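Next one to model:
(one chain, ligands or ions: 1)
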Amino acid sequence: MLEIEAISRQFNGRSVLREVSLRLQPGEYVAIVGESGVGKSTLLNLIAGLDRPDGGRLALDGVDYGSLDEDALTHLRRDKLGFVFQAFHILPHLNLRQNVALPLWLQGVEGAAAEAPAQHLLEAVGLGERGDSWPRELSGGEMQRVAIARALVHRPRLVLADEPTGNLDPANGARVLALLAERIREAGAIGILVTHSLEAAATADRVLRLSAEGLVG
Ligand SMILES: Nc1ncnc2c1ncn2[C@@H]1O[C@H](COP(=O)(O)OP(=O)(O)OP(=O)(O)O)[C@@H](O)[C@H]1O
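Numbers count the residues shown, from 1 in each chain. Sure, this is the predicted structure:
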């Protein structure tokens, strides 16, 4: 279970999140919408353990983030999280299959045991023929699909996606959203999709709106 209890975050004395709370059970997939600048990415970064709240509590499967040092948070991210960022963080010196296999390598999975699921995910995002290509050869939308494949390859308990279809045409956008929903449901994972697209949000089970009043469903 993901527990977010009254978390707050300020930047330079300006309050961005005020006592935001949310509880999600395994298998729940929600979309978060809201005006630009309201704090959606800030909230995802806190849930990912990439940033710390100024107040409140976050816990995943009973483990309180506040009790974890940076190393332990890195391990939690490595083992339990799949994150599709707005900037894709694709590594230029690895080919596409290797980029997708990376979360498995970090868990100590090697060789075909990592490459086969990576290839499978590349096929699922429509890049099955491109495993040997290099990131510099890709379009923005192709990079985005590689990032999504990489976020799902290690079957994470918690999938966070920040505007994952921003660079995609409607057909590829729909394909990626269907893949996200399918993987989350199949694995009984928790999914959070941040998007400005109401059409994309509708592919989740529930849509929550973030505003100054908090998250409203
Ligand atoms: N590291 C930071 N330092 C200072 N201000 C920040 C930082 N990160 C975010 N902010 C501010 O917090 C506010 C919320 O930003 P955030 O990116 O979370 O919004 P968002 O809802 O995701 O917006 P968008 O829909 O435009 O992506 C913005 O005003 C932003 O300038």
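
how far away is the residue lying closest to residue 168 once chain neighbours are set aside from the ligand?
On the basis of Cβ to Cβ, 6 or more residues apart in numbering, the spatially nearest residue to residue 168 that is not a chain neighbour turns out to be residue 141, at 4.8 Å. For every residue, glycine as well, the C-beta is placed using N, CA and C. Separation of residue 141 from the ligand (Cβ to the nearest ligand atom, to the nearest Å): 18 Å.

and the one helix or strand residue 141 maps to, average pLDDT?
For residue 141, the host element (DSSP states H and E) is helix 140-152. When pLDDT is averaged along helix 140-152, the result is 91.

Following element in sequence after it, please.
Helices and strands here follow DSSP H and E; after helix 140-152, the next one along the chain is strand 158-162.

Can you tell me the strand partners of that following strand and which way each runs?
Strand pairing for strand 158-162, using DSSP bridges, gives strand 81-84 (parallel), strand 190-194 (parallel).

Which one of those has the poorest average confidence?
Across the strands paired with strand 158-162, strand 81-84 has the smallest mean pLDDT, namely a mean of 92.

Output the strand or helix carrying residue 101 as PDB, nothing but the C-alphas.
Counting by DSSP H and E, the element that carries residue 101 is helix 96-106. Below are the C-alpha coordinates for helix 96-106, written out as PDB (Å, rounded to 0.1, in the frame of the first residue of the first chain):
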ATOM      1  CA  LEU A  96      17.900   0.600 -26.700                       C
ATOM      2  CA  ARG A  97      17.700  -3.000 -25.500                       C
ATOM      3  CA  GLN A  98      20.400  -2.300 -22.900                       C
ATOM      4  CA  ASN A  99      18.700   0.900 -21.800                       C
ATOM      5  CA  VAL A 100      15.500  -1.100 -21.200                       C
ATOM      6  CA  ALA A 101      17.400  -3.900 -19.400                       C
ATOM      7  CA  LEU A 102      19.100  -1.500 -17.100                       C
ATOM      8  CA  PRO A 103      16.700  -1.800 -14.100                       C
ATOM      9  CA  LEU A 104      17.100  -5.600 -14.200                       C
ATOM     10  CA  TRP A 105      20.900  -5.300 -14.300                       C
ATOM     11  CA  LEU A 106      20.700  -3.000 -11.300                       C
END
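
now that helix against helix 140-152, angle please.
Relative orientation of helix 96-106 versus helix 140-152 (axes from the mean of the first three to the mean of the last three Cα atoms, to 10 degrees): 20 degrees.

could you show me where the helices are in the chain, in order?
Assigned helices in the chain, in chain order: 40-47, 70-80, 96-106, 112-124, 140-152, 170-187, 198-201 (criterion: DSSP state H).
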